[in-house]
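S.K.: Build me a structure from this.
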Amino acid sequence: MSGRSDKELEGVTLLGNQGVKYSFDYAPEVLESFDNKHQGRDYFVKFNCPEFTSLCPITSQPDFATIYISYIPDVKMVESKSLKLYLFSFRNHGDFHEDCMNIIMNDLIELMDPRYIEVWGKFTPRGGISIDPYTNYGKPGTKYEEMAFHRLMHHDMYPETVDNR
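M.R.: A predicted model of the protein is given here:
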């Protein structure tokens with residue numbers, strides 16, 4: 001028995017669908033959302049994607065990363081299977097690491113309009129160097145905007161020690 005009515009689940013089409021096709025090209029249209037039933041409370045939703053891949057825009061060599069997404073929802077939330085398919089769609093997308101993280105964040109902001117969101121990519125070193133871009137956003141004119149600035153200035157680069165209170 002579901003804790004949500006069929007009406008509340010309208011628009012969630014990928015979860016449980018065995019015939020889903022994986023897009024090998026960047027596909028933000030695959031993202032789906034559903035209503036947050038706990039809008040009166042601030043809480044974090046966190047996703048860790050340890051199998052993210054994209055392509056270097058110059059060499060077309062694959063880049064591998066773990067992507068960490070944390071957000072405080074407002075009215076809408078991202079459906080996790082659609083997020084998985086969306087992240088998979090970067091597989092043949094050629095862009096710099098920093099661009100990929102900002103694209104992901106921008107697409108999720110457009111989908112959900114969260115109170116707060118942060119996206120961090122921990123890329124596997126290549127050529128002796130790793131790049132770990134971190135980006136965040138808080139709704140302008142709210143306490144979340146100040147929170148975004150504070151977290152950006154004090155971001156701890158080790159996820160197991162990030163304090164998300």
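
S.K.: Could you report the distance from I67 to D42?
M.R.: I67 sits 23 Å away from D42, going by Cβ to Cβ, to the nearest Å. Where C-beta positions appear, they are placed from N, C-alpha and C, glycine not excepted.

S.K.: got the phi/psi numbers for T66?
M.R.: phi -100, psi 130 (degrees, to the nearest 10).

S.K.: What strand or helix carries I103?
M.R.: Assessed by DSSP states H and E, I103 sits inside helix 97-112.

S.K.: picking up where we left off before, ok, I67 and D42, which is more surrounded?
M.R.: Taking other Cβ atoms under 10 Å, I67 and D42 do not tie; I67 has more neighbours (21 against 15).

S.K.: And what about the residue sitting nearest the centre point of the chain, helix, strand or coil?
M.R.: Note on the chain: the residue nearest the mean C-alpha position is I69, at 4.4 Å, using Cα atoms, centre = their mean. Classification of I69 by DSSP: H, G, I helix; E, B strand; the rest coil places it in strand.

S.K.: before we move on, back to that, what comes into contact with the helix holding I103?
M.R.: 26, 28, 31, 33, 54, 63, 65, 67, 69, 71, 73-78, 86-87, 90, 93, 95, 114, 117-121, 123, 131, 133-137 (Cβ atoms under 8 Å, 6 or more residues apart in numbering).

S.K.: For the buried ones among those, write the corresponding PyMOL selection.
M.R.: Applying 16 or more other Cβ atoms under 10 Å to the contacts of helix 97-112, the buried members can be selected in PyMOL as follows:
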select buried, resi 26+31+33+54+63+65+67+69+71+73+74+76+77+78+86+87+90+93+95+114+117+118+119+120+121+123+131+133+134+135+136+137
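
S.K.: Please flag which of the contacts of helix 97-112 sit within strands.
M.R.: Counting by DSSP state E, the contacts of helix 97-112 place 33, 54, 63, 65, 67, 69, 71, 76-78, 117-121, 123, 134-137 in strands.
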